[in-house]
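Novice: Below are the sequence and a predicted model; questions follow.
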Amino acid sequence: MARTREIKRRIKSIDNTRQITRTMEMVAGAKIRKSQERIENSRPYTTKMMEVLANLSSYVKAGKHPLLEVHEKQERVYVLSITSNRGLCGAFNTNIIRKTESILEREKQAEREVVLSVAGQKGINYFKYRGYELLSEYTEIGDSPKFEDAREIAAKVMEMYINHEVDKVLIIFNHFKSVMDQRPIEYNILPIEKDMTEGEKERVVRDDYIFEPSPEKVLYELLPTYVETLVYRTLMESVASEHGARRTAMKAASDNAVEMIGQLTRTFNRARQAQITQEISEIVGGAEALK
Amino acid sequence: MVDKFVMCEVVTPERILYSGNVKMVVAHGIEGEIGVLPLHAPLVAVLGVGELRLKLDENKYEYVAVHKGYIQVLEDKVIILANFAEFASEIDIKRAKEAKERAVKEIAEVQKEGEDYYKAQIDLEKAENRLRISKRV
């Protein structure tokens, strides 16, 4: 009797968990759609900006701007690793942390100093616990990253880059390949890669543009915004990936719960059957003794 | 006179704010206002904090608050890339007022010059711009 009751309790408890994970799965699913939409919405802005940049680069000699300039000495690297604020999203944060650590190791081998910044509570906790010194911590980025968030991050790295405090800026984030597939990648933010600004070469570049105030000024105004856009994009992709990873993890958890409930129900039935059989044999045994 | 229209798109990193045909675009460039009529020559200009007017039809205007960005005029299209843009009707006046007060306070508090002072001034400019344009509705 005690055994059946215990199994029943476990089934109940697993069923509760299953309900929670199923709900989280559905919530994450809805959020994926929203964050994908947001990425879509930002695409026109990005592509149009690329067009302007491509047009401009034929007027202005690139390389003069401090953000385009490649520093001669490569001594310090700025690494920003983007994790999430919340857990229960599978290997999402672990992947980023592992990737970050391998990059830190790589830079150490190359005898470069690393300045580390982390976005997201999960990563911050980990690196702090491990005794890393973090330059900046960003925890404000929630489910819907604002352009302002990206601007804040970008402003900081650009300032450091221009002041030669760092010679390279990397961002490590989860690239949103698809709903099912997210993988950590590193992305070079600064210096701005030349072929980015040179754009598609086949494009016929118009030469009769009017620039106000001047091509140089326009380019110089545009480059920081370009960096901000890049950062914004990584933030959005990271958020989309987080929801994707969470949905996958929660789906797996729900499936496992269903399977466990099935197994436990079987065990429960068997135990009940065994109990009944035992009771019958006891009665039969008792009756036999009375004869 | 034949009515002429030009395709106009106002794009921010977060969304496409406006897309449609207009008769005229007036943007606030850093060196003064720029008016663009259909068949304007190709142009790229930097925009400051200010107002963007889209003339949809005679006596029908749409007002947009724009904070920094670019205007790009192509042969058949005007593209406004704004870091931030909001229709006059969308502006939260209460929030703008609060932002203005905050900026005024900050300017009084922080040292002259320095980055904070500069930032606060931009914030003030943005808040005032939003308030001004919100009255256009």
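Specialist: Alright, I've got the coordinates.
Novice: From now on I want contacts and neighbour counts done on CA atoms only, so please keep to that.
Specialist: Will do.
Novice: Just give the nearest non-adjacent residue to residue 70, would you?
Specialist: Unless you meant another one, I'm taking chain A. Excluding its sequence neighbours, the residue lying closest to A:V70 (Cα to Cα, 6 or more residues apart in numbering or on different chains) is A:P191, at 6.0 Å.
Novice: Actually, chain B is the one I wanted.
Specialist: B:Y70 sits nearest to B:V46 (Cα to Cα, 6+ apart), 4.6 Å away.
Novice: From A:E216, how far off is the one you found?
Specialist: B:V46 sits 11 Å away from A:E216, going by Cα to Cα, to the nearest Å.
Novice: Among those two, which residue is more densely surrounded?
Specialist: The neighbour count for B:V46 versus A:E216, taken as other Cα atoms under 10 Å in any protein chain shown, is higher for B:V46 (26 against 19).
Novice: That one contacts B:H67, doesn't it?
Specialist: No. Applying Cα atoms under 8 Å as the test, B:V46 and B:H67 come out as separate, 10.8 Å apart.
Novice: if we can go back for a sec, where does the residue nearest to A:V70 land on pLDDT?
Specialist: At A:P191, the pLDDT value in this model is 78.
Novice: cool, A:Q121 as well?
Specialist: A:Q121 is given a pLDDT of 91.
Novice: residue contacts, B:L43?
Specialist: Counting by Cα atoms under 8 Å, 6 or more residues apart in numbering or on different chains, B:L43 touches A:Y209, A:I210, A:F211, A:E212, B:I71, B:Q72, B:V73, B:L74.
Novice: hmm, 10 Å instead?
Specialist: Applying Cα atoms under 10 Å, 6 or more residues apart in numbering or on different chains to B:L43 gives the contacts A:D208, A:Y209, A:I210, A:F211, A:E212, B:V36, B:I71, B:Q72, B:V73, B:L74, B:E75, B:V78.
Novice: can you tell me which residues contact the third one?
Specialist: So that's A:I210. By Cα under 10 Å, 6+ apart, the contact list for A:I210 reads B:A41, B:P42, B:L43, B:V44, B:A45, B:Q72, B:V73.
Novice: List phi and psi for A:R183.
Specialist: Phi and psi for A:R183, reported as degrees, to the nearest 10, are phi -140, psi 150.
Novice: what does the stretch 101-250 of chain A have sitting close to chain B?
Specialist: Counting by Cα under 10 Å from any Cα of the partner chain, the stretch 101-250 of chain A comes close to chain B at A:145-148, A:151, A:206-215, A:217-219, A:221-222, A:225, A:228-229, A:232-233.
Novice: Provide a PyMOL selection command restricted to the buried entries of those.
Specialist: Buried members of those can be picked out in PyMOL with the line below, counting by 16 or more other Cα atoms under 10 Å in any protein chain shown:
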select buried, chain A and resi 145+146+147+151+209+211+212+215+218+219+221+222+225+228+229+232+233
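Novice: Okay, domains of chain B per the record?
Specialist: Chain B is divided into the following domains under automatic domain parsing: B:6-89, B:92-134.
Novice: Which strands or helices does the lowest-mean-pLDDT helix or strand in chain B pack on?
Specialist: One helix or strand of chain B scores below all others by mean pLDDT, DSSP states H and E: helix B:114-134, with a mean of 79. When contacts are defined as 3 or more Cα pairs under 10 Å, 6 or more residues apart in numbering or on different chains; DSSP states H and E, helix B:114-134 sits against strand B:43-57, strand B:60-73, strand B:77-87, helix B:93-109.
Novice: now those as TSV including mean pLDDT?
Specialist: TSV is the format used below for those (pLDDT from 0 to 100):
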stretch	mean pLDDT
strand B:43-57	87
strand B:60-73	87
strand B:77-87	87
helix B:93-109	82
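Novice: Please produce JSON lines containing these, extended by distance to A:N85.
Specialist: As requested, the helices and strands packed on helix B:114-134 are exported to JSON lines (distance: least, Cα to Cα, whole Å):
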{"stretch": "strand B:43-57", "distance to A:N85": "34"}
{"stretch": "strand B:60-73", "distance to A:N85": "30"}
{"stretch": "strand B:77-87", "distance to A:N85": "26"}
{"stretch": "helix B:93-109", "distance to A:N85": "27"}
